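> Sequence plus the predicted model coming up.
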Amino acid sequence: MSTQASNDNATAASGDAAIPFRLEVVVIPVADPDRAKDFYLGLGWRLDADFAGDDGYRILQLTPPGSNASIIFGRGVTSAQPGSFDGLLLAVDDIDKARNDLLSRGVEVSEPFHDAGGGLGGGFHMGNEQRASGPHPERRSYATYASFEDSEGNRYVLQEITERLPGRV
(Lines give C-alpha, C1' and ligand atoms only; values in the text may rest on other atoms or scores of the structure.)
Protein backbone atom coordinates (compact mmCIF):
# COMPACT_ATOMS: atom_id res chain seq x y z
CA MET A 1 0.00 0.00 0.00
CA SER A 2 1.36 3.42 -0.92
CA THR A 3 0.61 6.54 1.05
CA GLN A 4 1.62 10.15 0.65
CA ALA A 5 1.00 13.02 3.01
CA SER A 6 0.96 16.22 1.01
CA ASN A 7 3.08 19.18 1.86
CA ASP A 8 2.88 22.84 0.90
CA ASN A 9 5.18 22.43 -2.11
CA ALA A 10 3.29 19.47 -3.51
CA THR A 11 -0.10 21.15 -3.23
CA ALA A 12 0.84 24.59 -4.58
CA ALA A 13 0.07 25.33 -8.22
CA SER A 14 3.23 24.92 -10.28
CA GLY A 15 4.98 28.27 -10.58
CA ASP A 16 2.09 30.21 -9.06
CA ALA A 17 1.10 31.04 -5.53
CA ALA A 18 -1.75 28.80 -4.41
CA ILE A 19 -5.16 30.47 -4.37
CA PRO A 20 -6.79 29.97 -0.97
CA PHE A 21 -10.01 27.97 -1.05
CA ARG A 22 -11.51 27.86 2.43
CA LEU A 23 -14.38 25.57 3.26
CA GLU A 24 -16.86 27.98 4.81
CA VAL A 25 -20.27 26.27 4.87
CA VAL A 26 -21.72 22.80 4.36
CA VAL A 27 -25.39 22.55 3.36
CA ILE A 28 -27.26 19.70 5.05
CA PRO A 29 -30.74 18.44 4.19
CA VAL A 30 -33.40 18.49 6.92
CA ALA A 31 -37.13 17.79 7.05
CA ASP A 32 -37.89 20.00 10.06
CA PRO A 33 -35.74 23.14 10.39
CA ASP A 34 -36.99 23.90 13.91
CA ARG A 35 -36.25 20.38 15.17
CA ALA A 36 -32.77 20.56 13.59
CA LYS A 37 -32.18 24.02 15.08
CA ASP A 38 -33.09 22.73 18.54
CA PHE A 39 -30.79 19.72 18.08
CA TYR A 40 -27.75 21.81 17.12
CA LEU A 41 -28.40 24.45 19.75
CA GLY A 42 -28.57 21.56 22.24
CA LEU A 43 -25.05 20.61 21.15
CA GLY A 44 -23.87 24.10 22.07
CA TRP A 45 -23.47 25.28 18.48
CA ARG A 46 -23.73 29.02 17.82
CA LEU A 47 -26.75 30.29 15.85
CA ASP A 48 -25.36 32.68 13.23
CA ALA A 49 -28.49 33.27 11.17
CA ASP A 50 -32.17 32.42 10.96
CA PHE A 51 -33.83 34.21 8.05
CA ALA A 52 -37.25 33.53 6.56
CA GLY A 53 -38.66 34.77 3.27
CA ASP A 54 -42.26 35.52 2.39
CA ASP A 55 -42.46 32.48 0.08
CA GLY A 56 -41.70 29.85 2.79
CA TYR A 57 -37.95 29.97 2.20
CA ARG A 58 -35.91 29.75 5.40
CA ILE A 59 -32.19 29.50 6.00
CA LEU A 60 -30.41 28.79 9.28
CA GLN A 61 -26.67 28.81 9.86
CA LEU A 62 -24.98 27.29 12.91
CA THR A 63 -21.31 26.88 13.82
CA PRO A 64 -19.74 24.22 16.05
CA PRO A 65 -17.55 25.48 18.92
CA GLY A 66 -14.00 26.12 17.73
CA SER A 67 -14.83 25.72 14.04
CA ASN A 68 -14.25 28.10 11.15
CA ALA A 69 -16.82 26.24 9.04
CA SER A 70 -20.58 26.27 9.57
CA ILE A 71 -23.63 24.29 8.47
CA ILE A 72 -26.66 25.69 6.68
CA PHE A 73 -30.11 24.11 6.45
CA GLY A 74 -33.71 25.20 6.14
CA ARG A 75 -36.60 25.18 3.66
CA GLY A 76 -35.83 25.62 -0.03
CA VAL A 77 -32.08 25.48 0.66
CA THR A 78 -31.22 22.12 -0.97
CA SER A 79 -32.93 19.50 -3.09
CA ALA A 80 -31.13 16.67 -1.25
CA GLN A 81 -33.34 14.28 0.70
CA PRO A 82 -33.56 14.96 4.45
CA GLY A 83 -31.31 12.61 6.39
CA SER A 84 -29.26 11.65 3.32
CA PHE A 85 -26.12 13.45 4.43
CA ASP A 86 -23.44 10.91 5.28
CA GLY A 87 -20.03 12.18 6.07
CA LEU A 88 -19.36 15.41 7.83
CA LEU A 89 -16.23 14.84 9.85
CA LEU A 90 -15.77 16.73 13.10
CA ALA A 91 -12.18 16.83 14.37
CA VAL A 92 -11.83 16.52 18.15
CA ASP A 93 -8.82 16.58 20.48
CA ASP A 94 -10.12 13.79 22.72
CA ILE A 95 -12.66 11.27 21.44
CA ASP A 96 -13.71 10.19 24.94
CA LYS A 97 -14.40 13.74 26.12
CA ALA A 98 -16.28 14.53 22.89
CA ARG A 99 -18.39 11.37 23.20
CA ASN A 100 -19.15 12.07 26.86
CA ASP A 101 -20.19 15.63 26.02
CA LEU A 102 -22.57 14.42 23.30
CA LEU A 103 -23.94 11.64 25.53
CA SER A 104 -24.58 14.17 28.32
CA ARG A 105 -26.65 16.16 25.80
CA GLY A 106 -28.80 13.12 25.00
CA VAL A 107 -27.15 12.22 21.68
CA GLU A 108 -26.66 8.54 20.82
CA VAL A 109 -22.98 8.12 19.89
CA SER A 110 -21.23 4.97 18.73
CA GLU A 111 -18.45 3.44 20.76
CA PRO A 112 -14.98 4.45 19.54
CA PHE A 113 -13.75 2.48 16.52
CA HIS A 114 -10.81 2.28 14.16
CA ASP A 115 -10.13 0.83 10.73
CA ALA A 116 -9.90 -2.96 10.81
CA GLY A 117 -7.41 -2.86 7.93
CA GLY A 118 -4.97 -0.68 9.88
CA GLY A 119 -4.22 1.78 7.06
CA LEU A 120 -2.25 5.01 7.46
CA GLY A 121 -3.69 6.80 10.44
CA GLY A 122 -6.05 3.88 10.85
CA GLY A 123 -7.88 4.38 7.55
CA PHE A 124 -11.12 6.15 6.85
CA HIS A 125 -14.39 4.48 5.85
CA MET A 126 -17.82 6.06 6.21
CA GLY A 127 -19.67 2.75 6.31
CA ASN A 128 -19.75 0.24 9.13
CA GLU A 129 -18.01 -2.62 7.29
CA GLN A 130 -14.35 -1.79 8.03
CA ARG A 131 -14.78 -0.88 11.69
CA ALA A 132 -12.90 -2.53 14.52
CA SER A 133 -14.04 -1.88 18.09
CA GLY A 134 -12.15 0.48 20.31
CA PRO A 135 -9.62 3.21 19.71
CA HIS A 136 -6.68 2.57 17.39
CA PRO A 137 -4.32 0.16 19.25
CA GLU A 138 -1.41 2.63 18.99
CA ARG A 139 -3.76 5.55 19.58
CA ARG A 140 -2.47 7.19 16.38
CA SER A 141 -3.69 10.66 15.55
CA TYR A 142 -6.40 10.61 12.82
CA ALA A 143 -7.12 6.94 13.56
CA THR A 144 -9.91 6.78 16.17
CA TYR A 145 -13.51 7.59 15.33
CA ALA A 146 -17.06 7.64 16.69
CA SER A 147 -20.27 8.48 14.87
CA PHE A 148 -23.69 9.95 15.57
CA GLU A 149 -26.75 11.17 13.72
CA ASP A 150 -28.53 14.48 14.01
CA SER A 151 -32.28 14.77 14.60
CA GLU A 152 -32.87 14.38 10.85
CA GLY A 153 -30.76 11.24 10.31
CA ASN A 154 -27.68 12.95 8.85
CA ARG A 155 -24.52 11.12 9.97
CA TYR A 156 -21.45 12.77 11.48
CA VAL A 157 -18.10 11.19 12.28
CA LEU A 158 -15.87 12.35 15.10
CA GLN A 159 -12.16 11.93 14.37
CA GLU A 160 -9.59 12.21 17.13
CA ILE A 161 -6.65 14.36 16.02
CA THR A 162 -3.96 14.73 18.65
CA GLU A 163 -1.11 15.73 16.35
CA ARG A 164 -1.59 17.36 12.95
CA LEU A 165 0.16 16.21 9.80
CA PRO A 166 2.86 18.61 8.52
CA GLY A 167 1.36 21.71 6.94
CA ARG A 168 -2.00 21.28 8.70
CA VAL A 169 -2.75 23.85 11.38
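Perfect, thanks for sending it. Numbering: from 1, shown residues only.
> Doesn't residue 35 belong to a strand?
No: using DSSP: H, G, I helix; E, B strand; the rest coil, the assignment for residue 35 is helix, not a strand.
> So for the chain, the centremost residue is which one?
Nearest to the geometric centre of the chain sits residue 89, at 2.4 Å (CA atoms, centre = their mean).
> And the strands in this protein?
Taking DSSP state E, the strands of the chain run over residues 25-27, 46-52, 58-63, 70-75, 86-92, 113-115, 131-133, 144-149, 155-160.
> thinking residue 70 is in contact with residue 47, fair?
No: assessed by CB atoms under 8 Å, residue 70 is found out of contact with residue 47, at 10.2 Å. Heads up, the C-betas are built off the backbone N, CA and C, glycines and all.
> residues shared between the contacts of the two?
61-62 (CB atoms under 8 Å, 6 or more residues apart in numbering).
> mind listing what residue 131 touches?
Residues near residue 131 by CB under 8 Å, 6+ apart: 113-116, 125, 145.
> can you redo the strands of the chain as a markdown table with distance to residue 35 and mean pLDDT?
Converted to a markdown table, the strands of the chain look like this (distance: least, CB to CB, whole Å; pLDDT from 0 to 100):
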| stretch | distance to residue 35 | mean pLDDT |
| --- | --- | --- |
| strand 25-27 | 17 | 96 |
| strand 46-52 | 14 | 98 |
| strand 58-63 | 11 | 98 |
| strand 70-75 | 11 | 98 |
| strand 86-92 | 18 | 91 |
| strand 113-115 | 28 | 89 |
| strand 131-133 | 29 | 84 |
| strand 144-149 | 13 | 94 |
| strand 155-160 | 16 | 94 |
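> Residue 60: neighbour count?
23 (other CB atoms under 10 Å).
> circling back: between the strands of the chain, which one is nearest to residue 102?
strand 144-149 (6.1 Å; CB to CB).
> Report the inter-axis angle for the closest one versus strand 155-160.
160 degrees (axes from the mean of the first three to the mean of the last three CA atoms, to 10 degrees).
> Show the pLDDT at residue 4.
Listed pLDDT for residue 4 reads 44.
> ok, the closest residue to residue 98 other than its chain neighbours - contacts?
Nearest residue to residue 98 in three dimensions, chain neighbours excluded: residue 92, at 4.0 Å (CB to CB, 6 or more residues apart in numbering). Residue 92 makes contact with 98, 158-161, according to CB under 8 Å, 6+ apart.
> partners of residue 92 in the sheet?
residue 160 (DSSP bridges).
> any idea how far residue 157 is from it?
10 Å (CB to CB, to the nearest Å).
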